[in-house]
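>>> Show me the folded form of this:
(one chain, ligands or ions: 1)
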Amino acid sequence: MSDTTIHTTYAKTRGQLEEYFDRTAAAAWAKLTSDAPVSGVRAKVRRGRDQTRANLLSYLPADLRGKRVLDAGCGTGALAIEAARRGAEVVAVDLAGSLLELAKTRLPSDLGEGSVTFHAGDMLSEAHGHFDHVVAMDSIIHYHGADMVRVLSGFAARTSGSVIFTIPPQNALLFVKLGVGRLFPSSDRSPQIRPISPKALGKLIAREPKLDAFTLGRTDRVDTGFYISQAMELVRA
Ligand SMILES: C[S@@+](CC[C@H](N)C(=O)[O-])C[C@H]1O[C@@H](n2cnc3c(N)ncnc32)[C@H](O)[C@@H]1O
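Below you'll find the model as predicted:
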């Protein structure tokens, strides 16, 4: 999806997410992704996200030297750092400039052969170039199913290896539980999480000609009660 063909619903969600992650929830997100003590609910969210990050990283090759990896919607950069530790040249992109500034301060100085460069803007921009792998952890969970598939197609078009991502599996309680944690308060201006089952997403993917060269691979579900996430991968068929 080039900038000229961006769908209206995608652009609307993206605008809400920029406002939310760059300003409204920036401090809460900074704390959640740090080692600072957090409440019981948020501790469970943090534990679930740590497990999900580990699952996504397990889908990537152990040796990423010479590989280009896009961390799409990198937030404060935890996954980008781990990929760089394996030797990857990581391009870390996010809408939220304030999270990127924090991510830069969290970047270790010794990443060996690996590197991370941060860019503010849309993860789908063609300007980021071509990749061996794309990872999108909790970055597409706010988009409608059709937009999720458009985003995955956009990633796939410039990825020679795999596209690794999470979705919020169908679960009505997800809204309530995350609402309790106030990370995603249910006010009108907050971006909604849009649950979709792996099966439903699989059907949408199967119907998308732009993803004909790809097939769904490994998947893992994490449920800590307050954080429910399905890790998935698209690999070349
Ligand atoms: C729930 S946070 C997850 C951040 C990070 N991946 C993590 O797991 O810690 C979602 C992030 O995706 C970013 N995001 C969503 N849509 C994006 C887009 N179209 N382009 C760039 N970043 C995007 C948001 O700004 C936000 O920082």
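
>>> buried ones in the lengthiest helix in the chain?
The longest helix of the chain (DSSP state H) is helix 40-58. Using 16 or more other Cβ atoms under 10 Å as the test for burial, helix 40-58 gives 41-42, 44-46, 48-49, 51-53, 55-57. For the C-beta atoms, the positions are set from N, CA and C on the backbone; glycine is no exception.

>>> Extract the C-alpha set from stretch 23-31 and format it as CSV.
What follows is stretch 23-31, C-alpha atoms only, in CSV (Å, rounded to 0.1, in the frame of the first residue of the first chain):
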residue,chain,number,x,y,z
ARG,A,23,0.6,12.0,23.6
THR,A,24,-2.3,10.5,25.6
ALA,A,25,-0.8,7.2,26.6
ALA,A,26,2.9,8.0,26.1
ALA,A,27,3.8,8.1,29.8
ALA,A,28,1.8,5.0,30.6
TRP,A,29,3.4,3.2,27.7
ALA,A,30,6.9,4.3,28.7
LYS,A,31,6.3,2.9,32.2
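
>>> Next one: that stretch, is it in contact with the ligand?
No: if you take Cβ under 6 Å from any ligand atom as the test, stretch 23-31 misses the ligand, and the best it gets is 6.9 Å.

>>> Up against the ligand, what does the chain have?
So far as Cβ under 6 Å from any ligand atom goes, the chain lies against the ligand at 14, 17, 21, 33, 73-75, 78, 93-96, 99, 122-123, 137-139.

>>> before we move on, the earlier item: ok, whatever helix or strand comes next after the longest helix of the chain: who's next to it in the sheet?
Beyond helix 40-58 on the C-terminal side, the first helix or strand identified by DSSP states H and E is strand 68-72. When pairing is defined by DSSP bridges, strand 68-72 lines up against strand 89-94 (parallel), strand 131-136 (parallel).
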